[in-house]
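J.: Let me see the structure of the following:
(2 chains)
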Amino acid sequence: MNGSAIERIVIVGGGTAGWMTAAALAHRLQGLPVSITLVESEEIGTVGVGEATVPHIRFFNARLGIDEADFMRRTSATFKLGIEFRNWGRKGDSYIHPFGVFGEEIEGVAFHHLWARFARAGGRDAVEAFSLPVLAARMDRFAHPDSDPESLLSTYSYAYQFDAGLYAAYLRAYAEARGVRRVEGRITAALQHAETGFVDSVVLESGERVAGELFVDCSGFRGLLIEQALHAGYEDWSHWLPCDRAVAVPCRSEAALSPYTRATALDAGWAWRIPLQHRVGNGHVYCSSHISDEAARDALLGQIEGEPIAEPRLLRFTTGRRRKQWDRNVVAIGLAAGFLEPLESTSIHLIQLAIGRLLDHWPDRDWDPFCAREYNRLMDLEYERVRDFLILHYHATERDDTPFWRQVRTMAVPESLAHRLETFRKRGVVVNYRDGMFLDASWIAVYLGQRVIPEAGDPRSEALSDAGLMLRLAAMRDDYARMAAQLPTQAAFLARIGANAS
Amino acid sequence: MPADAPLATITIAGGGFAGWLAASLLARALPDLAISLVEVPGPDRSLGVAAAADVLLPDDLPLLGEAGWNGPDLLRGGRAGFVLGTALSGWRADGATAFMPYGEIGAPLGPIPFHQLVSTMRRRGQPVNMANYALGALAAQAGRFAPPPPGDETVHAALTFGLSIDTARLAEMLRGDALERGVRLAGTWHGEAVQRGDGGVQRLVLADGTSLAADLVIDASGPASPLSGARDDWSPWFPFDRVASARRTSEAPAPPYVHCDAHHAGWQSFAPLADGVGELFVFSSADAPGAPAAEPFAPGCQQAAWTGNVVRIGGAAAQHDPVAGLQLHLALADVLRLIALFPAACEHPAEAAEYNRQWREKTECAFDTALLRLACSGALGAVWDRLRARALPDRAAYRRDLYAANGRVVLHDGEVLEEAGWTALFDALCVQPRKGDALSDALPSAKITAHFAAIRQAMIAAVGRMPPYQALMAQVAA
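T.: I've put the predicted structure just below:
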């Protein structure tokens, strides 16, 4: 260890971000002379809207050595194959953005070009007939993917839907077993170095001081250290993503266990439905200048499937990003770093990414400015790319039935997104970048699902004859349908692997 | 011509390597297109500078394979030699030689990258030569080589190689292929064209007075193209302005790496061919008044590669200082990008915009690669001193400064080097991180040393099982 190594880490705030950070650091720094303290107050609720995840979470759990069945039992988790979007392109539409690909390429031509060729000619086959995870999701079926690339079972990945509060508790037990010290108490002040502004310690209501060298701010929206102490600044993106409130309520589960999350577009926002083993999480994300809190709550309560099991809770937010997610000796993770609505279940992934990047750029007490600079550059890119993907959902719509939809349909979008949309619309090319979590298949799912059909395709696809192509596609479709029908139901699969919550 | 009419005819301007590469790959990918090619008199500068040998990077080989040209064809047609990396002499201030291998160097220890482990050990006073832990460097040193067999899962599978090819010979083979696939050789072009208002071309006027119209014109006529548009000049960054090239034959194949030698007025490289060596001699005319005859060249790039219906590829789009050996890689990337984005209709602003975006990304990354290769060197001479005295452009400076701070590598969308390649470049030129990875620094030396020893032992054993390079090349020749 060099003489200036970080020896005391303080994580401010429990919740999903705080305990994921604590668990990952405890695992990775095991054996080093480092203390990790997490300060949280039971009086302050956690937001816990991030109940649905993306497949990357499996690598986070695997790296920590977490057993899947055990974790699923204790967080009441279900499997997730994708997200169903209802009423987005038009009212009455439904498509699933799966964790997987559509179809197979033929003669080096990407599948979506082949599909679009028939769609332009009036073909009726829905693109979801060519996706195993979508077909399985529609039938509430699930099985683990296969690693054999020849198998159709290798064409998808999966994530989980879980109770974020139980996940935080699960990781808390993991972290505490590995030496993380938890301090209960409300923080009343942050003491900063007079000249540099570096945070030296936080002071609790009890008068106790918790000192450290590196502070991880997981305090949520308000950014107790990153904003209230350091004034890192906030970049407001609400002109592109105008929803600014959410009301959330869990209810009893009345339907089969669906291996997918649902996002239903409403008049001035959208509603989520996240099926867990013991309940269903529901919420309504909306734009307060288009709908009142009461009306938003009523809209939510009017469409949930079962009896509510808690009072509806209201959340306020401003979509955007902290101008510096790492400022001096404070790294903001989770909602303290920025807010992007959970339309594509990105919250937990952004936490996970931040933890990984922090470890990649692990500082020492000399605080080389390059660590923070490169960390911020990379995190900025990730947030921007998620932002663009979310805006796509609102903007690529034909809906004009409410002032809200007219606004988002016609608003100016970031240049980066305008170029992507135009390139796909004209020629079916998916513009993509090295950084950014959503790969080509995700962009294609949303484009096609929201009726952005390329006006022209890859000229190489014209070399294939109509009849030959139709036969190949029909065979593909039959294979997917046959395979999907053979999968067990999710309920049966959970029981088979011993993942049923008691 | 209606804007949405299908794009049916192509004219390629320039019958050098880049032109015939485009002709062959397009004819294979889009057999229904009517492709004509017009030749441009004079030496082949279609890739940028005229070099006797150019290098295909390791990642180029599978791409060419998918496009229809596999390794044996390239070896035979290009009289190629294998390339495991670049040996440098005269590039370091300490006078030492260095080797920049292709492929991974060493292996990570858990989550900690190998070069961070190296950095930790060096700061503890133990000298470590990264090339001692690179399979390609060890194979080159031992004079042994064999491509890993398909499906191989041993250490041998990590052996990463490119090909050095005789550009003129391979162009001949591509030409034969293109003509066989129906590409029409339409005549000779001296540069006369009827322009359109939008930066495009209505028709080319040929030497015999006839006209050739096309929906799309691919300009492969090199940096001095008559179809050139607005251009960015890079000469403030790149002081070398003269190039000479020669092909020498030899009895035995040259060893499987490029040798690059810095001298007081520039640099010289030797690329291995099956039956000789391709030499390139690049220097600053101001610093070598008595130098032998050489051609002038001026690094720079077009502001847009694709304007109207004209796509400029290879040297017609950008002329790089050839120090990083990228000009063949970049021309191939241009052709493959054109095929991937091939327009459906005569008017195609969306395809052109995306092509230009990707091309710009790649061009900027290649610019940084060449510039840092020169600006980080410790070579002796007034021109090198001038080069180092200039402040670098922001993006290139950030790459160097970040690596020098903590050994992190910046990766943008259009990289020609990945993390291992950048590490090899910086390390070979003595750019060393001031600080290491704090988590690497926490490891005991004994653990790192044991990890290093295990890697080296496995690699040396793998190299020992490879045949002598000369024997392999004799087999290829037979």
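
J.: residue nearest the centroid of the chain?
T.: In the absence of a named chain, chain A is used. A centroid search over chain A (C-alpha atoms, centre = their mean) returns residue A:346, at 1.6 Å, as the residue closest to the centre.

J.: that's the wrong chain, I wanted chain B
T.: residue B:326 (1.7 Å).

J.: That residue and residue B:369 touch, don't they?
T.: Yes: taking C-beta atoms under 8 Å as the definition, residue B:326 is a contact partner of residue B:369 at 6.8 Å. Yep, even glycine has a C-beta here, placed from its N, CA and C like the rest.

J.: how does chain A divide into domains?
T.: The record's domain split for chain A, according to automatic domain parsing, is A:8-51+A:163-234+A:319-367, A:83-154+A:245-316+A:368-502.

J.: what about the worst-scoring helix or strand of chain B on mean pLDDT and chain A, any contact?
T.: Counting by mean pLDDT, DSSP states H and E, chain B has its least confident helix or strand at helix B:438-441, which shows a mean of 87. Yes: using C-beta under 8 Å from any C-beta of the partner chain, we find that helix B:438-441 touches chain A at B:438, B:439, B:441.

J.: Buried ones among those residues?
T.: Applying 16 or more other C-beta atoms under 10 Å in any protein chain shown to the residues of helix B:438-441 next to chain A, the neighbour count classes B:438, B:439, B:441 as buried.

J.: if we can go back for a sec, which residues do residue B:326 and residue B:369 both contact?
T.: Each of residue B:416 lies in contact with both residue B:326 and residue B:369 under the rule C-beta atoms under 8 Å, 6 or more residues apart in numbering or on different chains.

J.: need the contact list for residue 51.
T.: As the question left the chain open, I've gone with chain A. A:161, A:162, A:163, A:164, A:274, A:276, A:281.

J.: Chain B was what I was after
T.: Here residue B:51 is in contact with B:167, B:243, B:245, B:278, B:280, B:322, B:327 (criterion: C-beta under 8 Å, 6+ apart).

J.: State the three-state secondary structure for it.
T.: coil (DSSP: H, G, I helix; E, B strand; the rest coil).

J.: Where does residue A:124 sit, in terms of helix or strand?
T.: Counting by DSSP states H and E, no helix or strand carries residue A:124.

J.: count of neighbours near it?
T.: The number of residues packed near residue A:124 is 6, by other C-beta atoms under 10 Å in any protein chain shown.

J.: try residue A:71
T.: Neighbour tally, residue A:71, other C-beta under 10 Å: 21.

J.: helix or strand for it, which one?
T.: helix A:68-75.

J.: Next, the buried residues of that helix.
T.: A:68, A:71, A:72, A:73, A:74, A:75.

J.: before we move on, back to that, reformat the domains of chain A as JSON lines; add mean pLDDT.
T.: Listed next are the domains of chain A as JSON lines, based on pLDDT from 0 to 100:
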{"stretch": "domain A:8-51+A:163-234+A:319-367", "mean pLDDT": "94"}
{"stretch": "domain A:83-154+A:245-316+A:368-502", "mean pLDDT": "94"}
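
J.: which stretch among those domains comes nearest residue B:69?
T.: domain A:83-154+A:245-316+A:368-502 (14.5 Å; C-beta to C-beta).

J.: So whichever residue of the stretch 351-478 of chain B sits closest to chain A, which state does it fall into?
T.: Residue nearest to chain A within the stretch 351-478 of chain B: residue B:405 (3.9 Å; C-beta to the nearest C-beta). Three-state assignment for residue B:405 (three-state DSSP): helix.
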